[in-house]
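K.L.:
need a structure here:
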Amino acid sequence: SRFKFCMANTNHYVDFHQWDQTHKFGLFYNRPLWHRIGLASYMQQHYRDQTLINFRSNPHDPDSRELFEISELFTYHPESVYNFINNIDFFPCTVEEVDGYTKHASTEMHTDQLMQFYPTFLIDIVAETFTSGRTFFLTEKTTRPMLLKKPMITMAGQDQLLYLRQMGFKTFNDFWSEEYDGYEGANRYIRILKLIDDLARLSTEQLQAMYSEMQDILTHNYELLSTKKFNTTITRVI
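P.N.:
Residues are numbered from 1 along each chain as shown. Below is the predicted model of the structure:
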């Protein structure tokens, strides 16, 4: 089902609904798809002190290295290849204690694996699997920040946020520009980098005020997942 990752027991996440201001951003990536390599490298190059990075793939392992979409990254954003090469010794970087990524796991298993880290950062930089076209298939990557009540920036297919709003969820256009949602691929990626730059310039105090103001949105999304009363009828944009 397209919505299977929206199914989760939310009761045990309440203790993690906070921000201790250690980091501004967090990202958790497994497969080394071009946009994940680019985003992780960009954050390490420019905002390493502001970001909690969990990047499981190992570029130093010959078998894993074959999976790295470096040629695609060069096609879409050559500067990001420089960022990656400049920080290659930083990868892999894992903060979790679980050994590896739990394939075919439920939303709860994926979330429980990482939930302890969510109080340390504010904005989840989500990188879904598909970034081309208007493909809309939710995974735990998108529902996890909702369960843990954190705002997100989403690298995915075009109109991902629009479709989330059709389901009844709220996004964050009252707090920052979400015009990137009208784009896919490289165009979306470049706009997300610009948005990250804008948010990185904000002080911790400004972000804390923003976090306080968005509590109604975060609570709404969390409760919608809790009650499972979200809309499952999506009208495709043509």
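
K.L.:
May I have the distance across stretch 126-145, first residue to last?
P.N.:
Taking CA to CA, to the nearest Å, the first and last residues of stretch 126-145 lie 9 Å apart.

K.L.:
Residues in contact with that stretch: which ones?
P.N.:
With contacts defined as CB atoms under 8 Å, 6 or more residues apart in numbering, stretch 126-145 is touched by 2-3, 5-6, 8, 27-29, 31, 33, 35-36, 39, 105, 107, 110-111, 114, 118, 124, 151-160, 163-164, 184-185, 188-189, 225, 234, 236-237. In this view, the C-beta of every residue, glycine as well, is placed from N, C-alpha and C.

K.L.:
Which of the residues in that stretch are classified as buried?
P.N.:
Buried residues in stretch 126-145, counted by 16 or more other CB atoms under 10 Å: 126-128, 131, 134-145.

K.L.:
next one: stretch 16-32
P.N.:
16, 17, 19, 23, 24, 25, 26, 27, 28, 29, 30, 32.

K.L.:
which ones among the residues you listed are found in strands?
P.N.:
Applying DSSP state E to these, the entries found in strands are 25, 26, 27, 28, 29.

K.L.:
so what pLDDT did the residue nearest to residue 10 when sequence neighbours are not counted get?
P.N.:
In space, and not counting its chain neighbours, residue 10 is closest to residue 226: 4.5 Å by CB to CB, 6 or more residues apart in numbering. Looking at residue 226, its pLDDT is 91.

K.L.:
And what about residue 226, helix, strand or coil?
P.N.:
helix (DSSP: H, G, I helix; E, B strand; the rest coil).

K.L.:
thought it was touching residue 12?
P.N.:
No. Under the criterion of CB atoms under 8 Å, residue 226 is not in contact with residue 12, lying 11.8 Å apart.

K.L.:
Neighbour count for the two, which is higher?
P.N.:
Neighbours of residue 226 and residue 12, each counted by other CB atoms under 10 Å, are more numerous for residue 226; the result is 16 against 12.

K.L.:
how about the buried residues of stretch 16-32, which pair is most distant?
P.N.:
Spatial extent of the buried residues of stretch 16-32 (CB to CB) is set by the pair 17 and 32 at 30.8 Å.

K.L.:
All the helices of the chain, in order from the start?
P.N.:
Using DSSP state H, the helices of the chain run over residues 34-46, 62-65, 70-76, 78-86, 107-114, 140-147, 160-167, 185-200, 204-213, 215-227.
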